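K.L.:
pasting a predicted model and its sequence here:
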Amino acid sequence: MTQLDATFIRRQFPAFAEPSLNGWGFFENAGGSYTCQQVIDRLTNYYTQTKVQPYYNYPTALKAGAAMDGAYRQLAAYLNVSEDEIHFGPSTTQNLYVLARAFRESWNVGDEIILSNQDHEANAGFWRRLEKTGIVIREWRIDPETGMLNPDALDALLSDKTKLLAFPHCSNIIGHTNPVAEIVSQAKTANVCVVVDGVAHAPHGLPDISSLGADIYLFSLYKTWGPHLGLMTIKKEMMDTLPNQSHFFHKHSTRKKMLPAGPDHAQIAAAAGVAQYLDTVYEHHFSEPVDQAEKGRRLKKLFQEREKSLLKPLLEWLRQRDDIHIVGPDDPALRAPTVSVIPKNKSIDEVCEVLAEKKLMVGQGSFYSTRPLTGMNIPTDSGVLRLSFLHYTIEAEIAQLIDGLAAALD
């Protein structure tokens, strides 16, 4: 069985050779990953060689446009969607703001949407605001003990007035991976549009979106080793029905229709570096020539096997402690390596202070997930201590984290 070559992987990320970061264990990857060299190179090249308006009929502008086109084409191939179904925006939050406004134009007062209270606020807030305009919000609630969503509870919420279902692929607090394809299939029996927030899932391997069936899928490229952009896929037949949110003369432009302002040319060009990184990793680990969609599936399996091998000893150690509470499932087979915990005998601030002394970068707070915290009766003012890592994390860093937690909790 092919195993991830962590040494090779870490050579793709300049952060691991940065002197100021030497000795630090990075465990706030859910807030944003390190950036791979391929993305940095493309961003630098764009700013130094092609920082002009793209697509005009002179060589530099044509080169700039080609760099942007490459990002649409290469990422579409990895996500297993068509090129015209890829859309870049400033962030996932802003992409959802635009989507909510677009959908509302075609809905009537009394129409219903289903939202989970497991959502990160980016995939909840703007949909919920539509309640002020007469849209009915129906809530799909998590189990207050486990934080998990029960797909069986969804049927009771669906009705002939349901227009849309929005839920996360994986919560950035609870970590449980939802069965997206199963949930999408349920919703499609009622002819409901499905929007999936993949922000907390995509960093652990880009999804095969066609196999999931979602009409719209969103994630943040700055959490998948890339530039600070939001990427969303919208099925072409869905996109054709959505009203233009850009300048009136862009109504027939697939790339600009959901962009109220102009795109960030340089960052879009740099986004192709994410696909180039995956190409590089695939070529190092596999010899069989396959298309990008299959590369993505194999690499996702490779990444997740690596992550779960690192997650297992961390969860085992946490389970043995009686002075800390694990939020969500403690089985590595059921969750992403985004582990939220609550110390029982010390404040999170006290624990984080010691962890920083031990050169550990961790997160604390609510992470825009006040709704799932409230649903689990966890105070939102203190929130949780979040420990998150990716496939480039190594065993020595997991050991460093465990040692740091032991010192902080004792």
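P.N.:
Okay, I see it. The shown structure was predicted, so the numbers you read here are calculated from the model rather than taken from an experiment.
K.L.:
switch to C-alpha atoms for all contacts and neighbour counts from now on
P.N.:
Noted.
K.L.:
please enumerate the helices of this structure.
P.N.:
Assigned by DSSP state H, the chain shows helices spanning 6-11, 37-49, 59-79, 92-104, 125-129, 180-188, 209-212, 236-241, 265-285, 292-320, 348-357, 370-375, 395-409.
K.L.:
between these, which one is nearest to Leu334?
P.N.:
Closest of the helices of the chain to Leu334 is helix 292-320, at 9.8 Å (criterion: CA to CA).
K.L.:
give me the spatial nearest neighbour of Tyr56, chain neighbours excluded.
P.N.:
Leu62 (6.2 Å; CA to CA, 6 or more residues apart in numbering).
K.L.:
residues contacting the one you found?
P.N.:
Contacts for Leu62 were tallied using CA atoms under 8 Å, 6 or more residues apart in numbering; they are 54-56.
K.L.:
who wins for neighbours among these?
P.N.:
Neighbour counts for those (other CA atoms under 10 Å) peak at Pro54, which has 20 neighbours.
K.L.:
that one against Ala67, yeah?
P.N.:
No - using CA atoms under 8 Å, Pro54 is not in contact with Ala67; the gap is 9.2 Å.
K.L.:
so where's the stretch 1-150 of the chain uncertain?
P.N.:
Along the stretch 1-150 of the chain, the model assigns pLDDT under 70 to no residue.
K.L.:
could you rerun that using 90?
P.N.:
1, 122-123 (pLDDT under 90).
K.L.:
from Leu259, how far off is the spatially most central residue of the chain?
P.N.:
Nearest residue to the geometric centre of the chain (CA atoms, centre = their mean): Val199, 1.7 Å. Distance of Val199 to Leu259, given as CA to CA, to the nearest Å: 20 Å.
K.L.:
isn't Arg128 right next to Arg138, touching?
P.N.:
No - between Arg128 and Arg138 there is no contact under CA under 8 Å: 9.7 Å.
K.L.:
neighbour count: these two, which is higher?
P.N.:
Taking neighbours as other CA under 10 Å, Arg128 and Arg138 compare with Arg128 leading, 19 against 16.
K.L.:
can you tell me which residues contact the more buried one?
P.N.:
Arg128 touches Ile137, counting by CA under 8 Å, 6+ apart.
K.L.:
tell me how many other residues surround Pro203.
P.N.:
Count around Pro203 with other CA under 10 Å applied: 26.
K.L.:
would you confirm that it contacts Tyr222?
P.N.:
No - between Pro203 and Tyr222 there is no contact under CA under 8 Å: 9.2 Å.
K.L.:
tell me how this protein divides into domains.
P.N.:
Under the assignment automatic domain parsing, the domains of the chain span 6-34+292-409, 42-275.
K.L.:
need the distance between the two termini of the shortest one.
P.N.:
Translated: domain 6-34+292-409. Using CA to CA, the span of domain 6-34+292-409 from its first residue to its last is 30 Å.
K.L.:
what's the answer for the last one, then?
P.N.:
When the termini of domain 42-275 are compared using CA to CA, they are 12 Å apart.
K.L.:
off-centre distance for it?
P.N.:
Mean-position distance between domain 42-275 and its chain equals 10 Å (CA atoms, centre = their mean, to the nearest Å).
K.L.:
picking up where we left off before, of the contacts of Leu62, closest to Val281?
P.N.:
Ranked by distance to Val281 (CA to CA), the contacts of Leu62 are led by Pro54 at 30.0 Å.
K.L.:
list the contacts for that closest one?
P.N.:
60-65, 265.
K.L.:
measure Gln39 to Thr224 for me?
P.N.:
Gln isn't right for residue 39; it's Val. 11 Å.
K.L.:
give me the common contacts of those two.
P.N.:
Joint contacts of Val39 and Thr224 (CA under 8 Å, 6+ apart) are Val274.
K.L.:
neighbour count winner among the two?
P.N.:
More crowded of Val39 and Thr224, by other CA under 10 Å: Thr224, with 27 against 24.
K.L.:
my guess is that one meets Ala272, correct?
P.N.:
No - using CA under 8 Å as the test, Thr224 is too far from Ala272 to be in contact (11.8 Å).
K.L.:
what distance do you get for Val180 to Trp127?
P.N.:
Taking CA to CA as the criterion, Val180 is separated from Trp127 by 20 Å.
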